[in-house]
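> Sequence and predicted model, in that order:
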Amino acid sequence: MECNQLYLEQFGKNIFKRRTELKLSYRQLAQRCDIDFSAISKIEKGQKSLEFQTIIELAKGLEIHPKDLFDFSFPMNEID
């Protein structure tokens, strides 16, 4: 699997985890972030690349620091 895809998937898992901790639906988070709710679904599944501003908006909507969205690791031997 490609390195970028692994990052996107792990990032998406962090979005999903925090969104569910806050008991927010896709639509509720979308309203907080001014991001289309269908895009949030794709982000959580690792199917959408993000711009910096989108990351900032997601962090604000999830009430966390942006760096917390990047708090993940994976085995380096899985990277091509």
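It's in. Numbers count the residues shown, from 1 in each chain.
> Give me the mean pLDDT for the lengthiest helix in the chain.
Identified as the longest helix of the chain according to DSSP state H is helix 3-21. For helix 3-21, mean pLDDT is 93.
> Could you check how far the very next helix or strand once past it is from the centre of its chain?
Next in sequence after helix 3-21, counting helices and strands by DSSP states H and E, comes helix 26-33. Distance, stretch centre to chain centre, for helix 26-33: 13 Å (Cα atoms, centre = their mean, to the nearest Å).
> Could you do stretch 23-43 as well?
For stretch 23-43, the distance to the chain centre is 10 Å (Cα atoms, centre = their mean).
> Need the CA coordinates for it. CSV is fine.
Listed next in CSV are the C-alpha coordinates belonging to stretch 23-43 (Å, rounded to 0.1, in the frame of the first residue of the first chain):
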residue,chain,number,x,y,z
LYS,A,23,-21.6,12.0,19.4
LEU,A,24,-21.7,14.0,16.3
SER,A,25,-23.3,12.9,13.0
TYR,A,26,-21.7,13.7,9.7
ARG,A,27,-24.1,16.5,9.2
GLN,A,28,-23.5,18.0,12.7
LEU,A,29,-19.7,18.0,12.1
ALA,A,30,-20.2,19.4,8.6
GLN,A,31,-22.2,22.3,10.1
ARG,A,32,-19.5,23.0,12.6
CYS,A,33,-16.7,23.0,9.9
ASP,A,34,-18.6,24.3,6.9
ILE,A,35,-17.6,21.2,5.0
ASP,A,36,-20.0,19.1,3.0
PHE,A,37,-21.1,16.1,5.0
SER,A,38,-20.3,13.7,2.2
ALA,A,39,-16.7,14.9,2.2
ILE,A,40,-16.4,14.0,5.9
SER,A,41,-17.5,10.5,5.1
LYS,A,42,-14.8,10.3,2.4
ILE,A,43,-12.2,11.8,4.7
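> Now that stretch: buried residues?
Residues 24, 26, 29-30, 32-33, 35, 39-40, 43 are the ones in stretch 23-43 that count as buried (16 or more other Cβ atoms under 10 Å). Every residue, glycine included, has its C-beta placed from N, CA and C.
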